[in-house]
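Student: Could you look at this predicted model? Sequence included:
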Amino acid sequence: MIKKWSYFFEQVDICDFIELNRVCSEHKLDSVMHLAAESHADRSISEILVFIRTNILGTHALLKSSLTYWNKLNNKCKTLFRFHYISTDEVYGKLNYLIQAFTEKTPYSLSNPYQLQKLLVII
């Protein structure tokens with residue numbers, strides 16, 4: 001665990017709902033920042049179950065434990081609590097000379113299981 005200022009880091013299994021609940025309750029969180037992901041698109045084909053476990057099931061477990069924790073908060077704390085999900089621009093495909101930057105209005109362009117998994121979580 002790293003403690004500095006008002007944040008901390010604990011390395012736990014993202015699919016371990018009980019351990020995630022412990023972390024939320026023990027540290028009295030006001031926000032969760034979700035950065036965990038399997039991210040190598042090539043491996044998303046050969047090791048798809050690893051990607052599904054982390055990117056889909058793990059995100060579900062973290063959301064569920066955060067919601068469980070949030071439901072126990074008083075109204076003021078509920079208003080202040082934030083869940084930050086850091087994703088990827090991979091769901092939009094590749095930039096080209098016609099597209100200089102992606103926006104939320106850019107159509108999705110999926111070509112591998114990694115992109116599909118990330119899209120499933122954000123929609």
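Tutor: Structure's in. What do you need? Bear in mind that the values here come from a model prediction, so they are computed numbers and not experimental data. Numbering: from 1, shown residues only.

Student: And for residue 21, the neighbour number?
Tutor: For residue 21, the count of nearby residues is 16 (other Cβ atoms under 10 Å). For glycine as for every other residue, the C-beta is placed from the backbone atoms N, C-alpha and C.

Student: Quickly note the distance from it to residue 105.
Tutor: In this view, residue 21 and residue 105 are 37 Å apart by Cβ to Cβ, to the nearest Å.

Student: ditto for residue 118
Tutor: Distance, residue 118 to residue 105, using Cβ to Cβ: 18 Å.

Student: More neighbours: the two, which one.
Tutor: residue 118 (23 against 5).

Student: Could I get the contacting residues of the more buried one?
Tutor: 37, 55, 87, 88, 90, 91 (Cβ atoms under 8 Å, 6 or more residues apart in numbering).

Student: Could you double-check that the fifth one lies in contact with residue 111?
Tutor: No - under the contact definition of Cβ atoms under 8 Å, residue 90 does not touch residue 111, with a separation of 9.3 Å.

Student: can you pull the buried residues of the one helix or strand residue 119 maps to?
Tutor: Residue 119 is part of helix 113-122 when elements are defined by DSSP states H and E. The neighbour-count check on helix 113-122 (16 or more other Cβ atoms under 10 Å) flags 113, 114, 115, 116, 117, 118, 119, 121 as buried.

Student: residue ranges of the helices in this structure, please?
Tutor: Secondary structure of the chain by DSSP state H: the helices cover 17-27, 43-46, 48-51, 59-71, 75-80, 113-122.

Student: I'd like the ones you listed as CSV, with mean pLDDT and distance to residue 98 appended.
Tutor: Shown next, in CSV, are the helices of the chain (pLDDT from 0 to 100; distance: least, Cβ to Cβ, whole Å):
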stretch, mean pLDDT, distance to residue 98
helix 17-27, 93, 42
helix 43-46, 78, 26
helix 48-51, 86, 30
helix 59-71, 96, 32
helix 75-80, 95, 42
helix 113-122, 77, 20
